[in-house]
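*Asks:* With the input below, show me the fold.
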Amino acid sequence: MPHDSLAALTAQVRDDLQRIAHPRMNWLEPRIGPDGEPALDVLIVGGGQSGLAIAGGLMRAMVSNILVADRAPQGREGPWLTYARMHTLRSPKDYTGPDLDLPSLGYQTWHEARYGVAHWQALELIRREDWAAYLDWVRDAIGVAVSNDTAVVDIDAAACGLLAVTLGDGKVRFTRKVVLATGQDGSGLWWMPDFVARLPQRFRAHTADPVDFAALRGRRVAVLGAGASAFDNAAMALEAGATEVVLFCRRSEPQVVQPYRWLTFAGFLRHVSDLDDAWRWRFMSHILGMREGFPQPTYDRCACHPAFRLLADAPWTGARVVGDAVEIDIASGLWTADFLICCTGVEIDFTQRPELARVADNIACWADRYQPPAAERDDRLGRFPYLAPDYSLLPRKPGLTAWMTDIHMFNIASTMSFGPSGSSINAMTTAVPKLVAGLTRGLFAGDVERHWRSLQEYDEPQAVLAQRRLR
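*Replies:* Numbering: from 1, shown residues only. You can find the predicted model right below:
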């Protein structure tokens, strides 16, 4: 029955898309690339939830000459079945996302088709495995072609106003626009303190790394960080049978307020990017300075284990291998553990992204465009890219690498310019249409002379006049 219900729902989605396909006139003509083949209009790097939603939005705008490339195998895009270690999404179940306001494409409709209406009504939060399955269904239902196992390793300028995108297999695809829908680490790298990174890998991992939690049975585990993912990883170690799991928080007390719940209203999501730099910086530096809080079930998952301990006001200042363990320096002295997990987020560093190597040194950052009052200064946030209204990169030095304005960034790094956008479910229904509008604006403006000629040449009559009426 669930299979039949989902098949019927898929058919309904496709019928609904046909019913709202206005305007449906094709308005783009492929440009011919240096290889003599038609170039893409948009190449989207990343086939996770954002990449699928962007592709769907473009297709609804009659921009179908696109390619979505993802380095992961099919079904492993994004974090949901890889490094996400929570049982459920933390977003409320009624948040909409990749559906872009098409009810038949929404998660609730999919869930009810698969499990029934009563199951939805009793549901508290969405299981992450179900969210991953839903995204697979969205991809099929709207017909997004994703090239999996396909990394993007270089982007360069090409003739005819195109970009040359080199894929991992050496093949070059030419395109007018590139969208980097690359999630959390798409503008840098997963970060951990240097003194931890220098330890042998058998003693440490980042939360984004594959971790053999079964191997932590009977061992002492130290977790650096106090956000939701830190608790998730601590819980995994506890559930695997670790004898001691200590979570180290650098603050005097963990952050329990979730600012992303406050900002989920139409005014903020739609218009924070319209504010001047001072207000954008004020809002986003406050929100990002708070970091994301964790909900009660996330904490309870750890607190129910006698082996769990939370230490506040305990940043790490050093670490070294001593025998078969690691000795950690904290303010109160030394701590010994067998394995370290760093839940320390990402660092904005464009030089770490091979696809951005040609423009990394000339990407305008917030520190280049805005100097906040001393009390609001934050060098970490100053490294975020200062994006144009269409999410495109801007050159720090005008006139150099000007072609970077055809690269549009829709990942965690777009947060300072646009608020939650490139990695947030709660903002998808406002952020994706804004990006799609920016892309279509650029595609239309780039062809404005052709459109002007087309208008001048347009001579299709709507009516035929009788000759006797003209005398």
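
*Asks:* Output the below-cut-off pLDDT ranges for the chain.
*Replies:* 1, 468-471 (pLDDT under 70).

*Asks:* Now the phi/psi pair for Thr88, please.
*Replies:* Per-residue torsions, Thr88: phi -130, psi 160 (degrees, to the nearest 10).

*Asks:* Can you give me the neighbour number for it?
*Replies:* Around Thr88 there are 18 other residues, counting by other Cβ atoms under 10 Å. C-betas here are computed from N, CA, C, even on glycine.

*Asks:* quick one: it and Arg127 touch, right?
*Replies:* Yes: Thr88 lies in contact with Arg127 (Cβ atoms under 8 Å); the separation is 5.5 Å.

*Asks:* which residues do the two both contact?
*Replies:* Counting by Cβ atoms under 8 Å, 6 or more residues apart in numbering, no residue touches both Thr88 and Arg127.

*Asks:* who are the neighbours in contact with Gly438?
*Replies:* Gly438 makes contact with Ala388, Pro389, Asp390, Tyr391, Ser392, His408, according to Cβ under 8 Å, 6+ apart.

*Asks:* could you flag which of those are buried?
*Replies:* Ala388, Asp390, Tyr391, Ser392, His408 (16 or more other Cβ atoms under 10 Å).

*Asks:* So the last one is in contact with Val178, correct?
*Replies:* Meaning His408. Yes: taking contacts as Cβ under 8 Å, His408 lies within contact range of Val178: 6.9 Å.

*Asks:* Can you classify Pro433 as helix, strand or coil?
*Replies:* helix (DSSP: H, G, I helix; E, B strand; the rest coil).

*Asks:* what's the helix or strand for the residue nearest to it when sequence neighbours are not counted?
*Replies:* Nearest non-adjacent residue to Pro433, counting by Cβ to Cβ, 6 or more residues apart in numbering: Gly57, 6.2 Å away. Per DSSP states H and E, Gly57 falls inside helix 49-60.

*Asks:* what does that helix rub up against?
*Replies:* Under Cβ under 8 Å, 6+ apart, the answer for helix 49-60 is 17, 20-21, 42, 44-45, 64, 66, 68, 70, 77-78, 97-98, 100, 135, 138-139, 142-144, 146, 179, 181, 183, 410-411, 422-423, 425, 428, 432-433, 435-436, 439-440.

*Asks:* Please state the offset of stretch 183-192 from the chain centre?
*Replies:* 11 Å (Cα atoms, centre = their mean, to the nearest Å).

*Asks:* That stretch: which residues count as buried?
*Replies:* Applying 16+ other Cβ under 10 Å to stretch 183-192 flags Gly183, Gln184, Asp185, Gly186, Ser187, Gly188, Trp190, Trp191, Met192 as buried.

*Asks:* Ok, stretch 138-145 next?
*Replies:* Val138, Arg139, Ala141, Ile142, Val144.

*Asks:* swap in stretch 261-275?
*Replies:* Applying 16+ other Cβ under 10 Å to stretch 261-275 flags Leu263, Thr264, Phe268, Leu269, Arg270, Val272, Ser273 as buried.

*Asks:* and the closest residue to the fourth one other than its chain neighbours, how many residues sit next to it?
*Replies:* Translated: Leu269. Of all residues not flanking Leu269 in the chain, Thr430 sits nearest, at 4.4 Å (Cβ to Cβ, 6+ apart). Counted with other Cβ under 10 Å, residues neighbouring Thr430 total 18.
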